[in-house]
Structure formats: C-alpha cells, structure tokens
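> fold the following.
(one chain, ligands or ions: 2)
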Amino acid sequence: QTEEVSTALDKFDHDIPLAERDDIINCENVNKWFGDLHVLKDVTLHVKRGEVVCVLGPSGSGKSTFIRTLNGLEEIQQGTITIDGTSLSNEIKNIDTIRRETGMVFQQFNLFPHMTIKKNIMLSPMWVRKWAKSKVEKKAFALLERVGIPEQADKYPGQLSGGQQQRVAIARALAMEPKIMLFDEPTSALDPEMIKEVLDVMKELAKTGMTMIVVTHEMNFAQEVADRIILFDQGKIIETGTPGEMFNNPKHERTKLFLSQIL
Ligand code: ADP
Ligand code: MG
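Numbering: from 1, shown residues only. Ligands and ions are numbered 1, 2, ... in the order given. All right, here's what the predicted structure looks like:
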C-alpha cells in the first residue's frame, strides 16, 4: 500500500536498455534571446525515458534558462520542444500538461513559508491534480518517509535546516507524480554538511528510473549517477558524453579547461 502511493512515477519497462527506449524529451534547435542577448543557440537534446543527464558549465552559460524552457517557465523564440509527446507550444493546455508531468527543484527551495511541511506537499496534488485529501495526505507521509524526515510533517519551513527543506522540495515535486524531474543546482545553497543528504535522495530517485536533468557542480554525483553529461558554454552544448568519456577523455579544449578549473 505504502509502496503504491510513494513509488508513483513513470510506468515503463525498466528492463529495456536505455538506448532502445523512446525519447521523453525532444529539443530541436532551440534558440532563445533575452532582448539582444542570445542565451540559447541551436540547442538540440534528446533524453531517453529513465535517463539521468547532468548539465555542467560555467556560470552564465544558459543552464538555468535551458532547463526552465523545458517546462515552459521561459519562452523560446525558435525551435521545438516536445515533452512525452506533448508539444510545448504556447497553447495553455499543453503548458499545463507539461508542468504537471515535470517537477522542478530550485537552488532556493521555494517552499511556502506560512504553510506546514505537510501542506506544502499537499497543495498542488489537491488543487492541480484534484486528488482526494486522504490520498494526498497518505502520499505526503510516504514521501516524507522516503526523503528521511517523516517527523517534520507539522513543522514550518523556517524550522528546518536547508538540507531538510530541500528534501521537502523534492518530496513536494514528487507528490505530483511527475515523469521528469528537473534540478537546478539543488545543493548550491546548502552548507557543505547538508549536501550529501540531498544528493543521496537524488541518487535513490535515479535508481527508481526517474528521468532526471540535473544542473550541478557536484562532479562526484555526476560521475556516479549520470548516464550522460552535457557541457554548456555560451548558450551552446559544446560536448556530450558518458561520465567516463567526459572526465577521462574530453574532446574539446573548452571541456578540458572547464574540468581543470572545477575538479
Ligand atoms: P547559468 O544558469 O548557466 O548560470 P543563466 O541561464 O542563468 O545561466 O543565464 C544565461 C544568461 O542569460 C546570462 O548572461 C544571464 O545574465 C542572462 N539572463 C538570465 N535570466 C535573464 C533574464 N530574466 N533577463 C535577462 N537576462 C537574463
Ligand atoms: Mg543557473
């Protein structure tokens, strides 16, 4: 029973090798400008169902803008984005569908400060999904259990540590039963001693077969968990490969330089 409410997520055959699965994210030649600033330049990316992609790159290279385009938080001017078969056009119905299927976790946890942890988790499933309160409440407890803080349900965000708040933010996103989870530097605002507890939750999530795109500077996490790494620089994907390829045998000078600065 608990299993049923906590392990929501995308139903697909995990035994099919990654390479043979279909693409859940399809970005073709995406271009975006902020005024005169060309922030995304012909970005093309296909992500398989259940794939974990880590996005690396220097500050200002367009990583946040890119993952925000994937759930319609940023408009694009050219190109196409299709998420699990739904085109991210300006049609509001499509954007709603995609937002429901796509959970997002930000650097600043963005919890509602005036609501208890439990309410934070229950809000969207009740109002957006329109699921019954009893089901949603059960789910909230199961998810808090899963992220290791069931005892915090009735507290307010301000009473929790940063690491705990970020775990709540992950639980809150999962409560919507998304098919894709987007993480934008989820550990960058945390004190060092709290980083591991959040990365551990993300690792567990990856093992369940969740499709994940993770912008991060945590190289150990990328190395261990990513199926694929992409490197952004000046609005372009300049290199992509497995962790082994990227870390041991980078092709581009720019990748070598970036890795030498960060490792
Ligand atoms: P990253 O996440 O890799 O640090 P961002 O996607 O945040 O990069 O930013 C890419 C570029 O777009 C930067 O030059 C940044 O200053 C600019 N930028 C980001 N958001 C906005 C915005 N809302 N308006 C104007 N420029 C922006
Ligand atoms: Mg960013």
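
> C-alpha from now on. contacts and neighbour counts both.
Noted.

> quick one: average pLDDT of the helix or strand harbouring residue 258?
Element membership for residue 258, per DSSP states H and E: helix 253-262. Averaging pLDDT along helix 253-262 yields 90.

> buried ones in that helix?
Buried residues in helix 253-262, counted by 16 or more other Cα atoms under 10 Å: 255, 258, 259.

> next one: stretch 197-207
197, 198, 199, 201, 202, 203, 205, 206.

> the last one touches residue 221, doesn't it?
No - taking contacts as Cα atoms under 8 Å, residue 206 lies outside contact range of residue 221: 11.2 Å.

> residues in contact with residue 120?
Residue 120 is in contact with 111, 112, 172, counting by Cα atoms under 8 Å, 6 or more residues apart in numbering.

> for this structure, which residues are neighbours of ligand 1?
When proximity is defined by Cα under 6 Å from any ligand atom, the chain lies next to ligand 1 at 34, 39, 59, 60, 61, 62, 63, 64, 65.

> inside helices: which ones of those?
In helices, judged by DSSP state H, the following of those are found: 63, 64, 65.

> quick one: average pLDDT of stretch 167-182?
97.

> which residues of the protein score low on pLDDT?
Applying pLDDT under 70 to the chain flags residues 1-11, 90.

> and the strands in it?
Using DSSP state E, the strands of the chain run over 23-34, 37-48, 52-56, 78-83, 86-87, 102-105, 180-184, 211-215, 228-233, 236-241.

> got CSV for these, with mean neighbour count too?
Converted to CSV, those look like this (neighbours: other Cα atoms under 10 Å):
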stretch, mean neighbour count
strand 23-34, 18
strand 37-48, 17
strand 52-56, 26
strand 78-83, 19
strand 86-87, 16
strand 102-105, 23
strand 180-184, 24
strand 211-215, 26
strand 228-233, 23
strand 236-241, 19
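
> neighbours of residue 115, how many?
Residues contacting residue 115 under the criterion other Cα atoms under 10 Å number 15.

> fine by me, we can end here.
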